[in-house]
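Enquirer: could you work out the structure for the sequence below:
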Amino acid sequence: MSRSHETPASFAAALATGGVEFVTAFPGSPTTTLAMYLDAHGPAHGIEFRWAINENVALSQAFGAAMGGRGAAAMMKHVGVNVASDALHVMGVVHGLAAPLLLVEGADAKPGSSQSAQDNRWLYASSPQLLVLGPSAGTELGPCIADACAISAGAGMLVVVRGEARCFGAREAGERAPGAASPPASPYAAWPRRGFALATSARTYEFHLRQRASVLARLGPWVEASWRGSAALELDGELETAVVIAAHLGASAAARARAHGLPHLRVLTEHPLPEASLLALARRCATLAVLEECTPTLERELAALVHRAGLGARVIGRRELGDPRPIGRLDDATLDRLLAPLAPDSPTERSEHRPPRVDPGPLLDGLAAQLEAERLAHDQAQPASGFPDHDPRRQLFAALRGLAAEVFITVDPGVTGVLALADHQADVKMHMGGAVPIAAGWSRARVGAEGRRSLAVAVVGDTNLPHSEWLGILDALDHHDELLIVVADNGSSEMTQRIVTPRLAPKVAVASLEAAGLRCWMTRVGDGDSWRETLAEAAAVSGPRLVWLHL
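Expert: Residues are numbered from 1 along each chain as shown. As a prediction, the model looks like this:
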């Protein structure tokens, strides 16, 4: 194997060992090298790889695959997270997915190949409250992926792995992940067997965040052990200055701190942080110097943490260390220039200390039962509203459920989708632009597996179709996904005062989709049983297909 393939091969092996079998990506450095390796060699690792039409589609497909019980990952660069942001804020807060789900982000702090040096750490730590691991070298990638997959499987939640070129572009062989060589077992059943609709909405979002706080509290011992530092941290006594190093910068900056004899602690997570460990260091130090690239996110978090604890340690960042640049890489020469004035007269021990490893898996034992009990209690206290008995959409969803032995139904956030959540008429509602790619991802996990007769159905509104579902349809066509798309057309946006937004007339839209290669039908609810017969006809054929249904 060439040295240029060592890190990508270790990455692929770690994904496979962690239970990831389906990876979808939109190209963008520094993740492109890893994605290209999977495109060429994924089958050798048991991984199906595909390029997505954009980052929203990539993350949504991976989410659908995880709902179907197939471990999945979506890969994109830091600015691509903008395109996936709507999906991230809803998919990122839910729990109970039936297989591991990772988002692999490639950061570019200089920037080197991007239009901006966007820093997404604040986004992950905001309303999604995502767990973000930050490998900083190729040797750290395998153990990082192993922990990410174990945590994702145990909590059924999205976990982010955030790295940059010094990690994803490294040529050194990675460490073997600790633990068994078999993927972590998921305690959650796949949809639609779960028997309820997974959704984020005004009714559920706060509930999901309360559950996330509980999950992160369980993971506290693992987070508190997620750091590396100089041996001096284990000794008693006061320290004049210590260096705190962000996860993405970790290994290289730690090596420079050791070279200057500086006590240091480098965190291995971007969010949450090992707060108790950082506070223990702050109690011994007059000054904490923070090293990180791009925005002073860690510097601000650490300063706030020290302030809340009432400690007197001074927290300084790269600007006060002598680097006035608002962005840019911290290479070895720059690090040496910033650290040299801090070097103590009597250098500390230069070996690295690692706290005892904490296996995250056992920390999540019993979580599945807890989450289910909380969900049932929430649904009883705040039940979802459904369709009135006379509403033709009630008949529609009942007919869709009867099209195959196993039918998985995705919906968009319009009124049709929201009302379909009651009584498990649909399986999932996430964000605009998610219905088609989620169904496509689920189809890659379930259709044809174990001889099962399964059908993935995406129900989208006539407003949402031109807004954000069109690209998902083109992607499904390109990959020949096995799914049925149903456009529920009521002629306006029922969610927003029946405003009619710009759109193609139904016949023009259908003609355009047919020109792209999509097989289409048009029918109307209320025309006897002909609409049911049309749905059955469409369900019986293969490939992506669409029924335009006038309500």
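
Enquirer: I'd assumed residue 527 was in a strand, is it?
Expert: No. Residue 527 is assigned coil when assessed by DSSP: H, G, I helix; E, B strand; the rest coil, not a strand.

Enquirer: got the phi and psi for it?
Expert: Dihedral pair for residue 527: phi -80, psi 70, per degrees, to the nearest 10.

Enquirer: and for residue 271?
Expert: Torsion angles, degrees, to the nearest 10, at residue 271: phi -160, psi 140.

Enquirer: who's the residue positioned nearest the centre of the chain bridged to?
Expert: Relative to the mean C-alpha position of the chain, the nearest C-alpha, by C-alpha atoms, centre = their mean, is the one of residue 103, at 3.7 Å. In this entry, residue 103 is beta-bridged to residue 74, residue 160, by DSSP bridges.

Enquirer: what's it in contact with, if anything?
Expert: 59, 62, 73, 74, 75, 76, 84, 88, 158, 159, 160, 161 (C-beta atoms under 8 Å, 6 or more residues apart in numbering). Using the backbone N, CA and C atoms, a C-beta is placed for each residue, glycine as well.

Enquirer: residue 440 now?
Expert: Contacts of residue 440 (C-beta under 8 Å, 6+ apart): 61, 64, 456, 458, 472, 475, 476, 479, 481, 483, 544.

Enquirer: closest to residue 341 out of those residues?
Expert: Of all the contacts of residue 440, residue 341 sits closest to residue 61, with 49.9 Å by C-beta to C-beta.

Enquirer: could you find the closest non-adjacent residue to that closest one?
Expert: residue 441 (3.7 Å; C-beta to C-beta, 6 or more residues apart in numbering).

Enquirer: circling back: distance check, the residue nearest to the centre of the chain against residue 509.
Expert: 32 Å (C-beta to C-beta, to the nearest Å).

Enquirer: again, but for residue 45
Expert: Plainly put, residue 45 is 40 Å away from residue 509 if you go by C-beta to C-beta.

Enquirer: ok so, going back, now for the residue nearest to residue 61: which residues touch it?
Expert: Applying C-beta under 8 Å, 6+ apart, one finds that residue 441 lies in contact with 22, 24, 60, 61, 62, 63, 64, 65, 66, 67, 68, 72.

Enquirer: in what helix or strand does it lie?
Expert: Assigning secondary structure by DSSP states H and E places residue 441 in helix 435-446.

Enquirer: ranking by neighbours, what's the top pick from the contacts of residue 441?
Expert: Most neighbours among the contacts of residue 441, by other C-beta atoms under 10 Å: residue 64, with 36 neighbours.

Enquirer: which element, helix or strand, includes that one?
Expert: helix 55-67.

Enquirer: now the helix ranked longest in the chain: mean pLDDT?
Expert: In the chain, taking DSSP state H as the definition, the longest helix is helix 138-155. Averaging pLDDT along helix 138-155 yields 95.

Enquirer: report the distance from it to the chain centre.
Expert: Counting by C-alpha atoms, centre = their mean, to the nearest Å, helix 138-155 is centred 13 Å from the centre of its parent chain.

Enquirer: list the contacts of residue 463.
Expert: 414, 492, 493, 495, 501, 503.

Enquirer: quick one: contacts for the last one?
Expert: The one in question is residue 503. The neighbours of residue 503, taking C-beta under 8 Å, 6+ apart as the test, are 462, 463, 465, 466, 509.

Enquirer: pretty sure residue 114 is touching residue 76, no?
Expert: No. Using C-beta atoms under 8 Å, residue 114 is not in contact with residue 76; the gap is 11.6 Å.

Enquirer: let's have the contacts of residue 103 in TSV, adding distance to residue 283.
Expert: Converted to TSV, the contacts of residue 103 look like this (distance: C-beta to C-beta, whole Å):
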residue	distance to residue 283
59	41
62	42
73	39
74	41
75	40
76	40
84	40
88	36
158	35
159	31
160	30
161	32
